[in-house]
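> Pasting the sequence and the predicted model now:
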There are 2 protein chains.
Amino acid sequence: MTDATTDQDVERQRTAVIARALADPKRLCVLESLSEGELSVSDLSVCVGCQVPNMSQHLAVLRAAGLVHSRREGSTVYYRLADPRILEAYRLIQMIAH
Amino acid sequence: MTDATTDQDVERQRTAVIARALADPKRLCVLESLSEGELSVSDLSVCVGCQVPNMSQHLAVLRAAGLVHSRREGSTVYYRLADPRILEAYRLIQMIAH
DNA sequence: TCACAGCTTGCGCAAGGACGCAAGTGGCTC
DNA sequence: GAGCCACTTGCGTCCTTGCGCAAGCTGTGA
């Protein structure tokens, strides 16, 4: 017995996770920065203007939402956008915001 | 002297407010329901499956984000989508979520 | 004016998020 | 191995959110 609304609810839940990942100015700034190519955590912390541990946490949120991928090169970790469509969504919401 | 990043920051802040409004399954359900036309608060509370005061609060969030408009008719308040593009954004994020 | 229906608001609580700081982990070089 | 760099994780604190419940409007009709 599936609790009544399972499918649609799960779908909305996943959509909500992504929307929540977009619901922070610093994370939006991260996405903007990554639109031009991949960057390291420390690069991003400079772009956004926050401490490295804080940036690492924001990136974890974006990663959990599936919006970014990471790649290790030596001791440096590079992040990149997982799906270019996320920028479309960003722009669209930005337009709605005027 | 403007605090360095004022304009872009304000822009991201407003985008974040909208994204946050989308970041809840019940509010997404509200938007879906309103896609077919305007509905009253009690209608929506039935569609979504929550209590009326709770629905009223969710609607206040959506209204603060500028995503819905309300209209009073007698003692009943009808809500409708403020901008059809919000559905596009919803669908887009939904696609990204797979 | 009274009673009622439809919404909103206030309050208290529990859960979650953002941040700073300190500590831990993994890779590089010497 | 020792030391260092880049990043992640843990912890404590403060602030915000979602919810249920009760109380307050506001409009309708008797």
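Yep, that arrived. Just so it is clear, the structure is predicted and the values come from calculations on it, not from any experiment.

> Pretty sure A:Glu88 sits against B:Leu92.
Yes: under the criterion of C-beta atoms under 8 Å, A:Glu88 makes contact with B:Leu92 at 6.2 Å. Backbone N, C-alpha and C define where each C-beta goes, glycine included.

> Of those two, give the one with the bigger neighbour count.
B:Leu92 (19 against 16; other C-beta atoms under 10 Å in any protein chain shown).

> nearest residue to the more buried one other than its sequence neighbours?
In space, B:Leu92 comes closest to A:Ala89 once its chain neighbours are excluded; the distance is 4.7 Å by C-beta to C-beta, 6 or more residues apart in numbering or on different chains.

> Can you tell me how far that neighbour is from B:Arg14?
15 Å (C-beta to C-beta, to the nearest Å).

> higher neighbour count, those two?
Neighbours were tallied for A:Ala89 and for B:Arg14 using other C-beta under 10 Å; the higher tally belongs to A:Ala89 (26 against 18).

> got the residue ranges for the helices in chain A?
All helices of chain A, identified by DSSP state H, fall at A:6-21, A:25-34, A:41-48, A:52-64, A:85-97.

> Please work out which of these is packed deepest.
helix A:25-34 (a mean of 21; mean count of other C-beta atoms under 10 Å in any protein chain shown).

> I'd like the distance from that helix to the chain centre, please.
8 Å (C-alpha atoms, centre = their mean, to the nearest Å).

> quick one: average confidence on it?
What helix A:25-34 shows for mean pLDDT is 97.

> Report the contact partners of the nearest residue to A:Leu28 once chain neighbours are set aside.
By the measure of C-beta to C-beta, 6+ apart, the closest residue to A:Leu28 outside its immediate chain neighbours is B:Arg12, 4.6 Å from it. Applying C-beta atoms under 8 Å, 6 or more residues apart in numbering or on different chains, we find B:Arg12 in contact with A:25, A:28-29.

> quick revisit: relative to B:Val41, which of the helices of chain A is closest?
helix A:6-21 (19.8 Å; C-beta to C-beta).

> how big is the angle separating that closest one from helix A:52-64?
With axes from the mean of the first three to the mean of the last three C-alpha atoms, to 10 degrees as the basis, helix A:6-21 and helix A:52-64 are set at 150 degrees to each other.

> For stretch A:19-28, which outside residues touch it?
A:31, A:48, A:50, A:58, A:61-62, A:64-65, A:67, A:89-90, A:93, B:9, B:12-13, B:15-17, B:19-20, B:22-23, B:28, B:93.

> residues from chain A in reach of chain B?
Taking C-beta under 8 Å from any C-beta of the partner chain as the criterion, the neighbours of chain B within chain A are A:5, A:8-9, A:11-20, A:22-25, A:28-29, A:49, A:66-67, A:83, A:85-86, A:88-90, A:92-98.

> Having no further points to raise, I will conclude here.
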